[in-house]
Every structure is written in structure tokens, then in C-alpha cells.
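S.K.: Okay, predicted coordinates and the sequence, questions at the end:
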Amino acid sequence: MTAFPDNFLWGGATSAAQIEGGRCADGKGLSHLDYVYYRGPKIPCNFMLKKDLEKAKAEESTLNFPNRRGIDFYHRYKEDIALLAEMGFKSFRMSVSWTRLFPTGLEETPDPDGVAFYHNVFRELHKYGIEPLVTMCHYELPIGFVDKYNGWVSPEVIGPFVKYTSFLIDEYKDEVKYWLTFNEINMVCAVPWLGGGIVLDKDGEFEMPVFRKGPPNLNKLPKELLHQWDQLSHQALHHQFIASALTVKYAHEHAPQCLIGNMFNLHHLYPETPSPADALRAHEETEFNMFFCDVMAGGSYPEWIRSYYRKHDIHINYVDHYEEILREGKVDFISLSYYLSSIVTADPERQERIGSFIRTLHNPYLQTSDFGWQIDPTALRISLNELRDRFHLPIYIVENGIGAFETPGEDGTIHDDYRVAYLREHITAIKEAIGDGVEIMGYTPWGCIDLVSCSLVSMTKRYGFVYVDADDEGNGTYERTRKDSFWWYKKVIASNGEDLD
Ligand code: BG6
């Protein structure tokens, strides 16, 4: 079996909204994620109907907004980076908060405190030889764009975004070599609020799902709402594709030393049975998952999605010269998040929600996490091979991991053998994929230091090698403690993936 290359980028991943805190510090503006309010430790809440956003605003002084606190990385980044360095990190994935640089998204010049903050963080990382991997947009959108334009639905957001990303390239190109444009760009279709700052508007009694998979629809929603969902999210997606491609083109022209990737949530699917009907469903879902890379890495819309648009009465207002823009803005590498696999059937009514996001069937061959996510390292290996065959680009695995309920034992630490087991199996799968001939640049497990969960806006779902003493209400010392997995991952990195015991 081929071992990991010498320059393999071992590290961990985070996002600004989930770690920084200091949400209003030094002139920072608020993003749409700052309006996601806490509803309970296991209640997914990244869904916004118009009435939810109105409530968030009307009750702003009494509701609990954990993203505004994060884990206080804004003030503790030196301590946190020192811990990552102690594990031997070669790479740290973080995002820049658009509203820390441009508080409303419309300013002519960036906020100097925000600009200095990210220089300080990059400097601190380089002090330890850690390469920053920077996501330009990890979901966050200035709240004013939600109010004025319904988020990415409007082409008006493209200009300010490209101004922001061009600034990032110009300002930080000597400190940041690896960039990603949008985090999990497919989320705009799955969770329109989260991925696109899109507010859906419908009165009536129905159970709102937190996630919508690709065609065909699996949720029992009013038809008009479904159509609104599809229409708005695919229009917004088009604008994000354009904004990303323009950013990539700018980076290629102004910072040829940088590499810039897309990022999508890899969703591996099995048909429930060998029946052709189940296989067709699995094929459709897989194509939908690959569609996001087809556009960003392949540079054009696949024909089948246009036919999907026709069949579902979806009308996209394509930006002028969009085909040329997409062709000229193809990414240098593919990056992905991967957590679980799922099963599809020709009878989607039988699929149920497991965990926060996914509607699937239980796979009897797999174990699940505390949150019901089905653990499947082999699916990662299969998908890596498929991606290589389809796109022939290097792949960076920028999210993977296991979320768990954790409280320190009597000795004050967390004995997270389940995390070690999960990561060991996934690292083995990656090693096998490298042996299969897939070019993999690096691996940055999610939430390397505990952070606010995205789907639950909660501290009760933890992913880290480092425990943070903070609860859902913001109580706690915010002290950092090394978990057992900290020492294990340190050994993995030191041995370049050879010692996984
Ligand atoms: C990815 C996101 O979808 O999954 C992260 O990019 C998120 O922001 C991660 O935190 C895990 O999801 P959750 O809901 O467990 O935090």
C-alpha cells in the first residue's frame, strides 16, 4: 500500500461563525448566521421561514445566539494555535468572516481591525509552520443582503462578494496559498437559509424539514413551497457559481502562486436493493451530488440539470456570458466534507430522518454516531476513486469526523476512543484510496477544537481533539483541555499516517 506523500497536509478544520465569537467586536457587522437562535440541544435549527427571522429580530435581546459567542477564538487564537502546533498540524482550515472585514458588505474600504486580526492569525500559524487553508465564505452573508435581496437569490450580491474576495487575494496572497470559495456549495439547495441566506415564505401547518435532498423531493411539503424552494435555491446557486468562478479567475490572474478549490458535501448513496428502480434513484441522487463539481471543476452545466429545470418549471435567469465565466473559472482542486453514507429507495416515503440532515434508511451493516450519522469509511474510498475518474484533479478532504456528547470524567479529561476509532478507519480508507491512485493533498478533520455545531447551534455536539469548557448558554470557563484523541492524532501526524494504533 502506498504511504502518504511527504508533503501531505495533516491538520484540522473550523469556521469563523462557529469559533470566533467577538461578533460585534471592533466594528464587526452581523451575518445571517448570527440570527440562528438556539432551540434545544438536539433540535436542528438552521431553517428559516420568514416568521422565524422576524422572531429572531423581534426577540434579539432575549433569544440565545451561540454563534455570536463561538469559543472566543477571537481573543484566544494564540493559545488555540499553540495547541494545534503541539499536535504537529501542517494545515489549519479556517474561514474569514466577510462582515469582520466589510461589516455590511457594502463599504468601500475594509475595517482595519478586521484586516489586522486575520494578518495576526496567519502570522501566528506560520510561526509554527502551519499553512492556512482559508474558506472565503463558510455560509456567512451580511444580514443586510438577506433583508434587501433575500440573500443569494439576487445577482446584486455577486459584485460585493467578488470585491471582498479580490480584496482577500490582494491582501493575504503572500500568507495564504490554499483557498476555497464557498463551503459546501450544495447546501444552498439542501438548506437554503444556511447556504444562501434565503428566507422561504409560506403560512400553514406543515412539518418543515431541515434538509432537502436532490430530485425527487422526499418531504411532504405544500407544492408551492417546494417550487419556491427549488426556484430560489437554484437561482441563488447560479449566482454563487458565478461569484466563485469570477473569484477563481481573479486569483489565477493576480496570485498564480495560490491554489483555489471548490468545496462540496460528499454524499455517498447506495440503492436499497439491486432493483433497477432503486438503482435509478441512487444514480439520480449521485448525479445531483456531482453536479456541483461538474460546474465548478468541469466548467459547465450538465444537460440533465437543464432538463430537471424544464420538468420542474424552474426558470434560471442566467448572468450574461455565464458559460464563458464558468469555463474561465475552473478550480485547481476539489475539496469535500464527508461524514456518512446513506441508502435510497424507489419508495422515498419509507426514508426517515436520521441525525440532523439526512433522510435515509438504516444500513444494517453500519454503526451510527450519537447523532445517528452512519459511519462508513469504505464509501469515502469509493467516492474518492469516482471523483478521480470524473475530474482528474487533486482532492483535499477538508472535513470529516464524529460529533459526540462529551463531559469530562473525574480525571478532568475526555476518553474519546470512539473518535480515535472513527478517524483511524477513515485515515485507513484514505490511505487505501492513495494506493488506488487517487491524488490526495491533505486531511483536515472537522472541529479540531470543540466549536458550536452548525445544525444545532449547540456546544453539546463536539468534534474536537481539544475540549472547550462552554455550554449552550455560554456558561463555563472556556478553558481548553486535551482529549485522548489529541495524543493519538499527534502520533499519527508525526509518523505521517503510519502509526494509527
Ligand atoms: C458541515 C459544515 O456541514 O458539517 C460545518 O461545513 C458543520 O460547518 C459540520 O459544523 C458538522 O455539522 P454539525 O451540524 O454537526 O455541526
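M.R.: Yes, it's here.
S.K.: Going by C-alpha atoms from here, please, whenever you check contacts or count neighbours.
M.R.: Fine.
S.K.: And what about residue 116, helix, strand or coil?
M.R.: helix (DSSP: H, G, I helix; E, B strand; the rest coil).
S.K.: for the one 4 residues further on, same thing?
M.R.: When the structure is reduced to helix, strand and coil (three-state DSSP), residue 120 reads as helix.
S.K.: Please tell me how far it sits from residue 75.
M.R.: Distance, residue 120 to residue 75, using C-alpha to C-alpha, to the nearest Å: 11 Å.
S.K.: now do residue 480
M.R.: From residue 480 to residue 75 the distance is 13 Å (C-alpha to C-alpha).
S.K.: With neighbour numbers in mind, choose between those two.
M.R.: residue 480 (17 against 13; other C-alpha atoms under 10 Å).
S.K.: List phi and psi for that one.
M.R.: Main-chain torsions, residue 480, degrees, to the nearest 10: phi -100, psi 140.
S.K.: Count the residues that sit near the closest residue to it other than its chain neighbours.
M.R.: Leaving aside its sequence neighbours, residue 480 sits nearest to residue 468 (C-alpha to C-alpha, 6 or more residues apart in numbering; 4.8 Å). Neighbour count for residue 468, taken as other C-alpha under 10 Å: 20.
S.K.: How far away from the center of its chain is the longest helix along the chain?
M.R.: When the chain is parsed with DSSP state H, its longest helix is helix 223-254. Helix 223-254 has its C-alpha centroid displaced from the chain centroid by 16 Å (C-alpha atoms, centre = their mean, to the nearest Å).
S.K.: So which elements touch that helix?
M.R.: When contacts are defined as 3 or more C-alpha pairs under 8 Å, 6 or more residues apart in numbering; DSSP states H and E, helix 223-254 packs onto helix 158-172, strand 178-182, helix 187-190, helix 192-196, helix 276-296, helix 322-328.
S.K.: Name the nearest residue to residue 251, ignoring sequence neighbours.
M.R.: Using C-alpha to C-alpha, 6+ apart, the closest residue to residue 251 is residue 169 (6.4 Å).
S.K.: And for the helix or strand hosting residue 74, what's in contact with it?
M.R.: Applying DSSP states H and E as the criterion places residue 74 in helix 73-86. Helix 73-86 is contacted from outside by 19-22, 121, 124-125, 128, 130, 490, using C-alpha atoms under 8 Å, 6 or more residues apart in numbering.
S.K.: Hmm, residue 65 is touching residue 32, no?
M.R.: No. Under the criterion of C-alpha atoms under 8 Å, residue 65 makes no contact with residue 32, lying 11.2 Å away.
S.K.: where does this protein have its least confident helix or strand?
M.R.: Scoring the helices and strands of the chain by mean pLDDT, DSSP states H and E places strand 352-354 at the bottom, with a mean of 56.
S.K.: still on that earlier bit, please tell me how far the residue nearest to residue 480 sits from the ligand.
M.R.: Residue 468 is 15 Å from the ligand, where distance means C-alpha to the nearest ligand atom, to the nearest Å.
S.K.: cool, residue 447 as well?
M.R.: Taking C-alpha to the nearest ligand atom as the measure, residue 447 falls 7 Å from the ligand.
S.K.: Do you know the pLDDT at the residue nearest to residue 480?
M.R.: Looking at residue 468, its pLDDT reads 98.
S.K.: Equivalent analysis for residue 51, please.
M.R.: If you check residue 51, the pLDDT there is 85.
S.K.: and what of the one 5 residues further on?
M.R.: Among the per-residue scores, residue 56 shows a pLDDT of 93.
S.K.: thinking again about what came up before, just the CA trace of the helix holding residue 74, in PDB.
M.R.: Output of helix 73-86 as PDB, limited to C-alpha atoms (Å, rounded to 0.1, in the frame of the first residue of the first chain):
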ATOM      1  CA  PHE A  73     -11.200  32.200  19.300                       C
ATOM      2  CA  TYR A  74     -11.100  35.900  18.500                       C
ATOM      3  CA  HIS A  75      -9.400  36.500  21.800                       C
ATOM      4  CA  ARG A  76      -7.700  33.200  22.400                       C
ATOM      5  CA  TYR A  77      -6.300  32.400  18.900                       C
ATOM      6  CA  LYS A  78      -2.700  32.300  20.200                       C
ATOM      7  CA  GLU A  79      -3.500  29.700  22.800                       C
ATOM      8  CA  ASP A  80      -5.500  27.600  20.300                       C
ATOM      9  CA  ILE A  81      -2.900  27.700  17.600                       C
ATOM     10  CA  ALA A  82      -0.200  26.700  20.100                       C
ATOM     11  CA  LEU A  83      -2.400  23.600  20.800                       C
ATOM     12  CA  LEU A  84      -2.700  22.800  17.100                       C
ATOM     13  CA  ALA A  85       1.000  23.200  16.700                       C
ATOM     14  CA  GLU A  86       1.600  20.900  19.600                       C
END
